[in-house]
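*Asks:* the following comprises the amino acid sequence and a computationally predicted model.
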Amino acid sequence: HDGIICTGETYKTRVKLTFAKGAKLKDPKKLFNSGLEGGTRRAIDLNEGDTIDEAAFESLIREAVALNEASR
């Protein structure tokens with residue numbers, strides 16, 4: 001989809017989902033909870049037992065794809 005959308009990293013206590021252009025994405029459900037001070041990336045840290053709003057996550061993915069495609 002014309003570039004990186006999201007990367008996933010695993011750590012001992014969490015999984016980090018980092019959106020390459022997260023700072024440019026709308027996040028009305030406040031899924032981003034890491035990297036908020038950065039100028040480019042934003043991330044979602046998930047700890048064991050956490051749940052995620054699937055519709056909001058899908059919306060972020062779709063918006064990230066659209067942003068990449070618009071940047072061609």
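*Replies:* Looks like it came in fine.
*Asks:* show me where this protein has strands.
*Replies:* 6-10, 14-19, 42-47 (DSSP state E).
*Asks:* closest to Lys29 out of the ones you listed?
*Replies:* strand 42-47 (10.7 Å; C-beta to C-beta). Every residue, glycine included, has its C-beta placed from N, CA and C.
*Asks:* per-residue confidence averaged over the closest one?
*Replies:* Here strand 42-47 scores 98 as its mean pLDDT.
*Asks:* residues contacting that strand, please?
*Replies:* 13-19, 22-23, 25, 27, 31-36, 52, 57 (C-beta atoms under 8 Å, 6 or more residues apart in numbering).
*Asks:* out of these, which are buried?
*Replies:* 17-19, 22-23, 25, 27, 31-32, 34-35 (16 or more other C-beta atoms under 10 Å).
*Asks:* contact partners for Arg41?
*Replies:* With C-beta under 8 Å, 6+ apart, Arg41 has these contacts: 18-23, 35.
*Asks:* dump the buried ones among the contacts of strand 42-47 to TSV, plus distance to Ile44 and pLDDT.
*Replies:* Shown next, in TSV, are these (distance: C-beta to C-beta, whole Å; pLDDT from 0 to 100):
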residue	distance to Ile44	pLDDT
Leu17	5	98
Thr18	8	97
Phe19	8	97
Gly22	9	97
Ala23	14	97
Leu25	11	96
Asp27	9	96
Leu31	5	98
Phe32	6	98
Ser34	7	96
Gly35	9	93
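*Asks:* the strands of the chain into a markdown table, with extra columns for distance to Ala70?
*Replies:* Converted to a markdown table, the strands of the chain look like this (distance: least, C-beta to C-beta, whole Å):
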| stretch | distance to Ala70 |
| --- | --- |
| strand 6-10 | 17 |
| strand 14-19 | 15 |
| strand 42-47 | 18 |
